[in-house]
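Asker: A predicted structure for the sequence below; I have some questions about it.
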Amino acid sequence: RILHPNMETVLRQERFVGKQKYRGIALRRRGDPALNYMKRKQALEERGFLVSLLRFGGWNECQTQFKKNATRYRTVDVYLCLSKSYCFDESLYVSIEKRGTRMDRIYGQLEVWSNKKGFCSYMRKALKSWTPEGATWMKKFTFECWVVPHDNDELTEKLNSDTYFDTSGWVFKPESGGGGSGIYVAMDKAKVENDIKWWKKRRQTYVIQPRLANPLLIKNRKFDLRTHVLVTSVSPIRAYLHSNGIVRFASGDFTKEYSKDTRNSFLTNLSVGGKTTKTEDLSWSFEELRAYLKEDAALVFSRIDEAIAKMLVASEKAFSERYSSIDSGNFKCRTCYQQIGVDILLDEDLKPYIMEVNGNPMQNFKSEKITQVCKEFQSDISALLYGDNSNSINNDLIEALESVLSPGMDLDSYYDWLDSDSIEYLLMMLTEQMNMESFRLVYPSSHAAYSKTKEIEWTTYLDYLQHAPERIAFHKLLVNLQRERVSKCLDFEGDRCSAEVYDIKLET
């Protein structure tokens, strides 16, 4: 049974979604949330769920009604939140977790991932980007960034460095918002410095990052990738990349110069380009991109896996800090999951850079192609989370642990340091992997399991992030388990392998 608490004012009128008419759907704005709701509803009903919609007039009413009906809601299997923010406060998240009920919002993700200011700030803190080593790590998978006015002094110092200022320009983004609104490029140092002073005077916060000097172009058009990622744990991270996504093209030919007249050659957001060009003409599926990249496709997508995994793992401590004061540190958001859109640019060397993360990716496009991609994602999420499960999952875990034992070790040696949370993590991981054919496992990384170089790099990365020895040991166990899974898949069950395993086979 599914309940949909909505924190926005309910529009008590009829809305049309496709060719069907539904009464009382709570909308945040026209189109998008209703379409998201119907896609989730259809996917879940196909798997036998009864989907209900709760209509609340606002935050206080939702909290009051939930607490009054706590006994009734114990039968609920999952809550789907239609709001962009959170449908419940901390105490109700704790209550939901203790019942074992699923929730499609990870508590804290809005501040850590979705908000541009938060994403930049937490990445800078985790990677210590103000140090040379930290800047090097950051540039492996994303852009250096600064939040102004908070980071004014450091950014000014960078700008005054003889070797740092790049004539390709600097991207200014408002701290929140979407649809390309408020984003622009400053092409020279004087413009950057003047704009920093201007926004500080107006007390507005902006995120600033270098503009990519050499983006990969297709038919002389800049493009980015909207990847669809499902995160099912943040302590530690466990995440899956859907095998299909959206390639979004700028509506104008690429130019290195920037002005108001060339804005459409820089921004790849469909909300911008769609004003002058049909959305269908500005988008590809990942299948079309793979066909274009040919033999380079496996390399590109394995690098995308790595970039997303490193970004997510860098955020682990941010969630731990936020959860440490909830329920005496016992809250881990264990039953939470979230679909996120990770936007990525490729350079001419096929290296991916994460631009930003969208915690509530829009799925209302005037394009049948994109709509189909989004429907598949929703359906496959339902299959992964609520698909057929093995009745012998506990035995499967014991068998998996025994298969990766080092010489001279016995199973009891694992139990000496595997706590209940770790065992629950492993059980849920194995359960999800039974239904992940349309997903690529991002973390724990299968690529690190099949490459000694990547395995060493991951250990170095976790050590740099100052993770506890127990966390690094658990990572090594996860790598060994993934190595065993990939080997079995390639040797015996090739037609049932998940998407990333085929790329591993092509790479090796």
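Answerer: Noted; the coordinates are in hand.

Asker: so what does the helix or strand harbouring Leu427 touch, helix or strand wise?
Answerer: According to DSSP states H and E, Leu427 maps onto helix 420-433. With contacts defined as 3 or more CB pairs under 8 Å, 6 or more residues apart in numbering; DSSP states H and E, helix 420-433 has these neighbours: strand 221-234, strand 237-242, helix 393-403, helix 469-492. (Glycine included, C-beta is placed from N, CA and C.)

Asker: I'd like these as TSV, with mean pLDDT, mean neighbour count and distance to Lys98 appended.
Answerer: Shown next, in TSV, are those (pLDDT from 0 to 100; neighbours: other CB atoms under 10 Å; distance: least, CB to CB, whole Å):
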stretch	mean pLDDT	mean neighbour count	distance to Lys98
strand 221-234	94	23	17
strand 237-242	95	24	20
helix 393-403	83	14	21
helix 469-492	84	17	24
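
Asker: mind putting those in TSV, distance to Ala250 included?
Answerer: What follows is the helices and strands packed on helix 420-433, written out as TSV (distance: least, CB to CB, whole Å):
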stretch	distance to Ala250
strand 221-234	5
strand 237-242	24
helix 393-403	46
helix 469-492	37
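
Asker: nearest to Gly178, out of those?
Answerer: strand 221-234 (11.9 Å; CB to CB).

Asker: the closest one pairs with which strands, and in what direction?
Answerer: strand 217-218 (antiparallel), strand 237-242 (antiparallel), strand 246-249 (antiparallel), strand 338-346 (antiparallel) (DSSP bridges).

Asker: ok now the second one, how far from the chain's centre?
Answerer: Just to be clear, that refers to strand 237-242. 8 Å (CA atoms, centre = their mean, to the nearest Å).

Asker: what of the shortest one?
Answerer: On the basis of CA atoms, centre = their mean, strand 217-218 sits 25 Å off its chain's mean C-alpha point.

Asker: tell me which residues are up against it.
Answerer: Phe223, Phe249, Phe254, Tyr292 (CB atoms under 8 Å, 6 or more residues apart in numbering).

Asker: can you turn the buried part of the residues you listed into a ChimeraX selection?
Answerer: The ChimeraX selection below is limited to those of those classed as buried (16 or more other CB atoms under 10 Å):
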select :223,249,254
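
Asker: can you lay out the contacts of strand 217-218 as JSON lines showing distance to Ser382?
Answerer: Formatted as JSON lines, the entries for these read as follows, by distance: CB to CB, whole Å:
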{"residue": "Phe223", "distance to Ser382": "29"}
{"residue": "Phe249", "distance to Ser382": "30"}
{"residue": "Phe254", "distance to Ser382": "39"}
{"residue": "Tyr292", "distance to Ser382": "30"}
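
Asker: orientation of the helix holding Leu427 relative to strand 237-242 in degrees?
Answerer: Taking axes from the mean of the first three to the mean of the last three CA atoms, to 10 degrees, one finds that helix 420-433 is oriented at 10 degrees with respect to strand 237-242.

Asker: past helix 420-433, which element shows up next along the chain?
Answerer: That would be, after helix 420-433 and using DSSP H and E, strand 439-443.
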